[in-house]
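Asker: What follows is a predicted structure for the sequence shown.
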Amino acid sequence: MPSELTIVRPPLRVLACAFALLLACASGIRAAAQQPSKTEPGFEDLLKKISAAPGDACEYSVEDFSSTEFHLFEQADKVVALRLNDKAARSARSTAGDSPLTRAIEALRGLERLSGEINKGWPDKKRFHFQVLDVPPALLVTMTYRNRATFSFFAIPDRDGNNKPAGIRRTEYAFWRGLAMQAAAVA
């Protein structure tokens, strides 16, 4: 019984083809995952769906709206990111007062107005609200709706989707979101 291991090295062409196939499959999966569904409900659709529920999430409701609220915040993130990345708005930066902060606030005010109209039967504090903290070169956005709160961090990433340096040309904002927890008071 030989104690020596034999290492088989396939030709470089085979390795290159396997690597190319792996990259093609991975990029196809990534592209499919990043493209939004054509039937994905928008922010307004989600507001209308939740408007049937009581304004206070602690009140009894037959349906659980937790995932709908999650998607509502997700849609709000997308609206802000689209507004921040709007090429026409970015090219018109010479306009007085146009900055990432003002574009984000304008987008969020539109969402807040929608919630005010659709959820007008609810107490004001239960409707969609936001706060924006400008931390150049990024924005920190907190959003509340009913009894939920979340925060999103918008910035121009220095790495692309493959974790490689994005270079100087990268100018689009991306976002990261976390759940803002409310601590219970200890008596």
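Answerer: Done, it's in.
Asker: How about residue 153, nearest residue that isn't a chain neighbour?
Answerer: Leaving aside its chain neighbours, residue 153 sits nearest to residue 176 (4.8 Å; criterion: C-beta to C-beta, 6 or more residues apart in numbering). (C-beta placed from N, C-alpha, C; glycine too.)
Asker: tell me the pLDDT at that neighbour?
Answerer: Residue 176 is assigned a predicted lDDT (pLDDT) of 74.
Asker: thought it was touching residue 152?
Answerer: Yes: assessed by C-beta atoms under 8 Å, residue 176 is found in contact with residue 152 at 6.9 Å.
Asker: Mind checking which of the two has more residues around it?
Answerer: Neighbour tally, residue 176 and residue 152, criterion other C-beta atoms under 10 Å: the higher count belongs to residue 152, 23 against 12.
Asker: is it true that the more buried one touches residue 80?
Answerer: Yes: proximity of residue 152 to residue 80 meets the contact threshold set by C-beta under 8 Å, at 7.3 Å.
Asker: remind me which residues of this structure are low pLDDT?
Answerer: Counting by pLDDT under 70, the ranges of the chain that qualify are 1-38, 88-97, 158-161, 164-172, 174-175, 177-187.
Asker: mind redoing it with 80?
Answerer: Regions of the chain meeting the criterion pLDDT under 80 cover residues 1-39, 57-63, 87-98, 156-187.
Asker: what about the helices in it?
Answerer: Here the chain has its helices, by DSSP state H, at 12-34, 43-50, 66-84, 87-91, 100-118.
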